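Peer 1: I would like the atomic coordinates for the input below:
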Amino acid sequence: MTDPLSATLSALADPTRRAILARLALGEASVNELAEPFDMTLAAVSKHIKVLESAGLVSRGRQAQWRPCRLEAGPMRDVAALLETYRRFWEQNLDQLDAYLTTLQTPKSKTKN
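Peer 2: Now for the predicted structure:
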């Protein structure tokens, strides 16, 4: 069994799935609507949606014959927290590098002998 964070990252690794999520960020859509911009079969798009569902990023409703897909952004909180840790790490390291480069560029005063 895959942990939730790994499932989310795996689902987000594919550009088609990220595009589907971007579309769903605008509102609910049917599988047919989600498939429109892609040059692939409806079955292939459905497989991508199933991966997103398994990761908890997409849910499906039921309204008569229409089964709209909707974005469930909750799992992305864990990804955002993970990335925040690394953002702080790199920001701190870049700040240290900037301070070091500033000291290298500061002219040293010449002393008289």
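Peer 1: and the longest helix for this structure?
Peer 2: helix 76-105 (DSSP state H).
Peer 1: residue ranges of the strands in this protein, please?
Peer 2: With DSSP state E, the ranges of strands along the chain come out as 58-60, 69-71.
Peer 1: Could you save those strands as CSV and add columns showing mean pLDDT and distance to A11?
Peer 2: Where you see a C-beta, it was placed from the backbone N, CA and C, and this is true even at glycine. Converted to CSV, those look like this (pLDDT from 0 to 100; distance: least, CB to CB, whole Å):
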stretch, mean pLDDT, distance to A11
strand 58-60, 95, 9
strand 69-71, 96, 12
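Peer 1: Which one of those lies nearest to K47?
Peer 2: Between K47 and the strands of the chain, the tightest spacing by CB to CB is seen for strand 58-60, at 12.5 Å.
Peer 1: neighbouring strands for the closest one, and are they parallel or not?
Peer 2: strand 69-71 (antiparallel) (DSSP bridges).
Peer 1: List of residues touching the partner strand?
Peer 2: Applying CB atoms under 8 Å, 6 or more residues apart in numbering, the contact partners of strand 69-71 are 21, 24-25, 28-31, 34, 49, 57-61.
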